[in-house]
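**Student:** for reference, the sequence and a predicted model appear below.
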Amino acid sequence: MAVLNLTNSIRSPAALFLLMFGCSGASGPEISSAAPEPEAGNVILWQDNFDKATQADLIAPYDLRGVQQLIANGHSGSAIRFPYSAGSFDNLIEKSFPASTDTYFRFWYRLPSGADPSCGGRNDSGMKWFMPWRQVDQRYTMGVGMLTGGPPGFENTGLEFSSHDNSSSGEPNPFMQNISKTKTLRTTADGAWHEYTCWTTAPTTTTTARKGSR
């Protein structure tokens, strides 16, 4: 079905979320206006609801960078928080799992009102929202920022969720939301919980990254 060996690790500097990884042994759904959904027969590669009793239990399964916090008012039970500040700007967790060529990544996140990783436009690159890594070759970067990106006619309207295959020399960098501009980091920075799903697959000799948020 696929020719690309995807990812041995994922790096996730999202502000606050619940997280699940899933993999399908069959080709995924056709591209549509709806967020991608796993299908029957999927295999769960990793799942964590972050509903832990202690900080030590929370971070035990992961490689870490920066600051992580256990909070009690998560989406369901407790959750993990990444507090960003001038002294804590590189926060992430990393988890390895078996290589897959057809992978879903899904998590719930919550952002404080007005959250802005571009710091008012002073950092157009914003932040790496999350990064699926290949076993070989370069990673995918799912970012949020103010870079113009593309393709033509779909340039960044501001703090859109973007993607980029770092091994590609021809893909717009970054590739912006090209189906709907409604759900962005800016419009979901409202203190409520939102779901983010990314489907990464390689059905032919090229790769596809499809993402959605609600």
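**Tutor:** The structure has been received and is ready for your questions.

**Student:** mind listing the strands for this structure?
**Tutor:** With strands called from DSSP state E, the chain shows them at 6-11, 16-23, 43-48, 63-65, 69-71, 79-81, 92-96, 102-110, 127-134, 140-145, 160-161, 164-165, 193-201, 208-213.

**Student:** need the residue closest to the centroid of this structure.
**Tutor:** Taking C-alpha atoms, centre = their mean as the criterion, residue 130 is the residue nearest the geometric centre of the chain, at 4.0 Å.

**Student:** could you check how far it is from residue 92?
**Tutor:** Relative to residue 92, residue 130 is positioned 9 Å away (criterion: C-beta to C-beta, to the nearest Å). Just so you know, the C-beta spots here come from the backbone N, C-alpha and C atoms, and that holds for glycine as well.

**Student:** what of residue 170?
**Tutor:** As defined by C-beta to C-beta, residue 170 lies at a distance of 28 Å from residue 92.

**Student:** looking at the two, which is more packed in?
**Tutor:** Regarding residue 170 and residue 92, a neighbour count based on other C-beta atoms under 10 Å identifies residue 92 as having more, with 19 against 6.

**Student:** surely the more buried one meets residue 66?
**Tutor:** Yes: applying C-beta atoms under 8 Å as the test, residue 92 and residue 66 come out as touching, 6.3 Å apart.

**Student:** what's the end-to-end length of stretch 74-85?
**Tutor:** Stretch 74-85 stretches 21 Å from its first residue to its last (C-alpha to C-alpha, to the nearest Å).

**Student:** correct me, but residue 71 touches residue 82?
**Tutor:** No: contact status for residue 71 versus residue 82: not in contact, 10.7 Å apart, counting by C-beta under 8 Å.

**Student:** for these two, indicate the residue with more neighbours.
**Tutor:** When residue 71 and residue 82 are compared on other C-beta under 10 Å, the one with more neighbours turns out to be residue 82, at 20 against 13.

**Student:** is it true that the more buried one touches residue 91?
**Tutor:** Yes: distance between residue 82 and residue 91: 4.0 Å, which falls inside the contact criterion (C-beta under 8 Å).

**Student:** in this structure, where is pLDDT below threshold?
**Tutor:** 1-36, 202-214 (pLDDT under 70).

**Student:** so for stretch 49-59, what gets flagged as buried?
**Tutor:** By neighbour count on 16 or more other C-beta atoms under 10 Å, the buried set for stretch 49-59 is 50, 51, 52, 58, 59.

**Student:** near the closest residue to residue 102 other than its chain neighbours, how many other residues are there?
**Tutor:** Residue nearest to residue 102 in three dimensions, not counting chain neighbours: residue 201, with 4.5 Å by C-beta to C-beta, 6 or more residues apart in numbering. The number of residues packed near residue 201 is 22, by other C-beta under 10 Å.
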